[in-house]
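K.L.:
Got a sequence here, can you build the structure:
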Amino acid sequence: MQYETLQYSLDEGIARITLNRPDQLNALNTQMRAELQYALTRAPKDNARVIVLTGAGRAFCSGQDLGGQGNAADIDLERLLRDEYQPILEALSRCPIPTIAAVNGAAAGAGCNIALAADVVVAAESAFFMQAFSRIGLIPDAGGTHFLPRSIGMAKSMGAALFADKITATEAERLGMIWEVAPDATFEQTWQSRARVLANGPTQAYKRIKDSIRATFENDLETQLDLEASLQGQCGKTRDFQEGITAFVEKRPANFDGT
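P.N.:
Sure thing, here's the model as predicted:
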């Protein structure tokens, strides 16, 4: 696919996807949604070991492009969510490799919730998050009603959705919405460092960590313990596990190959 609305690069196991409509604050139009879905599914096939999703310019993503689709009131929102947003959220949540949202600026509406769908969110100190939907008479979508309560609980999620207030990166970290906030001056170095750790880590274990933690909200204790046992048994048969044990015994850093 020829990318028009994003940039895609792969270097040393790190697939970087940059939303690239800076003049529109990286608002999501049909073209960008199609390209984003394609890039997210392509990266593991390219043997990437981690995906970083970020934005060009001063925003991460301002959400749905309401200005470039004619009369916004005529948009079939149900079809849009089912056909164009749901595949993106599923590609992120089911991705077999770790995903990082490197939130460089505003993450509003669907842009906020796409960020929250990543495994790890690292945000610049000047960034903010907003469930902006109620300001135009809508409910949080693009997975917002799923990911937000699971990260910050019912009370804070309800307030964020009803009031549509800006949540600063520092506050988002305090609430447990995101993993880490970094000063603007060192933001790029911070997420790159995190990405390198994951790109050089035990890929097979990471996949199963994702599977097990995401399943816990749907499972009772017995089911979750059974899943842990099964996935741990699979990890025990990987080359990464053998390398990890050998490196531990030899008192050296492990050299994981991701298999």
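K.L.:
On the three-state scheme, the residue nearest to residue 87 when sequence neighbours are not counted is what?
P.N.:
Nearest residue to residue 87 in three dimensions, chain neighbours excluded: residue 37, at 4.9 Å (Cβ to Cβ, 6 or more residues apart in numbering). For glycine as for every other residue, the C-beta is placed from the backbone atoms N, C-alpha and C. Counting by DSSP: H, G, I helix; E, B strand; the rest coil, the backbone at residue 37 sits in helix.
K.L.:
isn't residue 37 right up against residue 85?
P.N.:
No: because the distance of 9.4 Å does not satisfy Cβ atoms under 8 Å, residue 37 is recorded as not touching residue 85.
K.L.:
Mind checking which of these two has more residues around it?
P.N.:
Remark: of residue 37 and residue 85, residue 85 carries more neighbours, 22 against 19, as counted by other Cβ atoms under 10 Å.
K.L.:
how about residue 167, phi and psi?
P.N.:
Dihedral angles of residue 167 (phi, psi; degrees, to the nearest 10) stand at phi -110, psi 110.
K.L.:
who are the neighbours in contact with it?
P.N.:
By Cβ atoms under 8 Å, 6 or more residues apart in numbering, residue 167 lies in contact with 128-130, 160, 175, 177.
K.L.:
go again using 7 Å as the cut-off
P.N.:
By Cβ atoms under 7 Å, 6 or more residues apart in numbering, residue 167 lies in contact with 128-130, 160.
K.L.:
For beta bridges, what are the partners of it?
P.N.:
Beta bridges link residue 167 to residue 129, judged by DSSP bridges.
K.L.:
before we move on, back to that, now tabulate the contacts of residue 167 in TSV and tack on distance to residue 105 and pLDDT.
P.N.:
As requested, the contacts of residue 167 are arranged in TSV below (distance: Cβ to Cβ, whole Å; pLDDT from 0 to 100):
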residue	distance to residue 105	pLDDT
128	8	98
129	11	98
130	12	97
160	18	97
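K.L.:
between those residues, which is closest to residue 74?
P.N.:
Each of these was scored against residue 74 by Cβ to Cβ, and residue 130 proved nearest at 24.7 Å.
K.L.:
what about residue 155, is that helix, strand or coil?
P.N.:
The three-state assignment at residue 155 reads helix, by three-state DSSP.
K.L.:
I'd like the distance between it and residue 181.
P.N.:
22 Å (Cβ to Cβ, to the nearest Å).
K.L.:
Please identify which of the two sits among more neighbours.
P.N.:
With other Cβ under 10 Å as the criterion, residue 155 and residue 181 differ in neighbour count, and residue 181 comes out ahead with 22 against 9.
K.L.:
What helix or strand is the more buried one located in?
P.N.:
When secondary structure is defined by DSSP states H and E, residue 181 falls within strand 180-182.
K.L.:
And that strand, what does it pack against?
P.N.:
Contact analysis of strand 180-182 by 3 or more Cβ pairs under 7 Å, 6 or more residues apart in numbering; DSSP states H and E lists strand 120-124, helix 169-175 as its packing neighbours.
K.L.:
Point me to the helix or strand that includes residue 17.
P.N.:
Counting by DSSP H and E, the element that carries residue 17 is strand 14-19.
K.L.:
got any ranges where the stretch 1-150 of the chain has weak pLDDT?
P.N.:
Across the stretch 1-150 of the chain, the stretches falling below the confidence threshold (pLDDT under 70) are 68-73.
K.L.:
Strands of that one, residue ranges please.
P.N.:
Along the stretch 1-150 of the chain, counting by DSSP state E, counting those that start in this stretch, strands occupy 6-11, 14-19, 50-55, 59-61, 99-103, 106-108, 120-124, 128-130.
K.L.:
Sheet partners, orientation included, of the fifth one?
P.N.:
For strand 99-103, the paired strands and their directions (DSSP bridges) read strand 50-55 (parallel), strand 120-124 (parallel).
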